[in-house]
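# coords please:
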Amino acid sequence: MANAASGMAVHDDCKLKFLDLKAKRTYRFIIYKIDETVKQVTVEKLGEPNQNYDDFTASLPENECRYAVYDFDFLTEENVPKSRIFFIAWSPDTSRVRNKMIYASSKDRFKRELDGIQIELQATDRSEMDIDVIRSRSQKG
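This is a model prediction of the structure:
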């Protein structure tokens, strides 16, 4: 199982949409899904620039793993606007073991395809990716 999972291809659209988010800020977030039938990571959902963090977290399924990228805007302590690009590996405790294994074994390879990730976060429940966690990590990152 793990060998097949680590051989997941990455659809070109995944990289192209990420570049749009990073360079043009066309999207606020991108949610990626592994399509097991074609053994490929694909774009599942694109968040519009005006959507917020609550919209993003509401887009993640309760019982299935996903990869996601979120462009987080914030003000530094000096009131300078900044943004950080988060890579979030969403692996809820309630998802199937096989689902978790496939996402875990493919994560590093997939993440390498997305050049420009600044902060990585692993979350097994919503509290681990609460907005306060994101804010705190942004200040450090």
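
# any chance you could map the helices in this protein?
Ranges of helices within the chain are 2-6, 12-19, 53-58, 97-113, 131-140, based on DSSP state H.

# pull out the buried positions in the last one.
Within helix 131-140, the residues scored as buried using 16 or more other Cβ atoms under 10 Å are 134, 137-138. All C-beta spots, glycine's among them, are computed from the backbone N, C-alpha and C.

# how about stretch 103-112?
Within stretch 103-112, the residues scored as buried using 16+ other Cβ under 10 Å are 103-107, 110.

# now stretch 22-31
22, 27-31.

# mind saving the C-alpha coords of that stretch as CSV?
Presented in CSV, the C-alpha positions along stretch 22-31 are these (Å, rounded to 0.1, in the frame of the first residue of the first chain):
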residue,chain,number,x,y,z
LYS,A,22,1.7,32.8,-4.6
ALA,A,23,2.5,35.3,-7.4
LYS,A,24,-0.8,36.8,-8.3
ARG,A,25,-2.8,36.2,-5.1
THR,A,26,-5.6,34.9,-7.3
TYR,A,27,-6.8,32.6,-4.5
ARG,A,28,-7.0,32.7,-0.7
PHE,A,29,-6.6,28.9,-0.4
ILE,A,30,-6.4,25.7,-2.4
ILE,A,31,-7.6,22.3,-1.2
